[in-house]
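In: have a look at this fold, sequence not included:
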Ligand SMILES: [Zn+2]
Ligand SMILES: [Zn+2]
């Protein structure tokens, strides 16, 4: 009985990560699942996230503004990170040739399996915010 509750919690944590595009933090996942499982602890969320990462069910985007961000979409895609608000956006375009892994593998005598591209800058919302506050002179 207890065990079933545990695996349902696990499933709820995974679904929370998969069900959003915001590339959440562990804290966000905790807040999202907590109403459903009031006895949930932040430690449980961290432990499950570590397991999901190991099992390849989710990806880590790295640390943004001091907090690690996660992605429930494990298909190859690139990211844009806003340095103002910390938003992590998906980029669906492909920027590298399909044979880049093969070219690099040959050149360095290694076996390249995957790559990640992260673009950084200021997102549209933050640009508009700074524009309008500039007009007000604030
Ligand atoms: Zn932003
Ligand atoms: Zn993503």
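Out: Structure's in. What do you need? This one's a predicted model, so the numbers in the text were calculated from it and none came from an experiment. Ligands and ions are numbered 1, 2, ... in the order given.
In: after the host helix or strand of residue 107 comes which helix or strand?
Out: Residue 107 belongs to helix 100-108 when elements are defined using DSSP states H and E. Moving toward the C-terminus from helix 100-108, the next helix or strand (DSSP H and E) is strand 118-121.
In: the spatially closest residue to residue 37 that is not a sequence neighbour and residue 50, how far apart?
Out: If the residues on either side of it in the chain are set aside, residue 37 comes closest to residue 9, at 5.4 Å by Cβ to Cβ, 6 or more residues apart in numbering. (Each C-beta comes from the backbone N, C-alpha and C, glycine too.) Residue 9 sits 15 Å away from residue 50, going by Cβ to Cβ, to the nearest Å.
In: ditto for residue 90
Out: With Cβ to Cβ as the criterion, residue 90 and residue 50 are 23 Å apart.
In: got it, and residue 85?
Out: Using Cβ to Cβ, we find residue 85 at a distance of 27 Å from residue 50.
In: list the buried residues of the top helix by length along the chain.
Out: Longest helix of the chain, by residue count under DSSP state H: helix 2-18. Of the residues in helix 2-18, 9, 12, 13, 14, 16, 17 count as buried by neighbour count, 16 or more other Cβ atoms under 10 Å.
In: quick one, what contacts the second one?
Out: Taking Cβ atoms under 8 Å, 6 or more residues apart in numbering as the criterion, residue 12 is in contact with 33, 36, 37.
In: repeat that for the third one.
Out: Residues counted as contacts of residue 13 (Cβ under 8 Å, 6+ apart) are 29, 33, 44, 45, 48, 49, 52.
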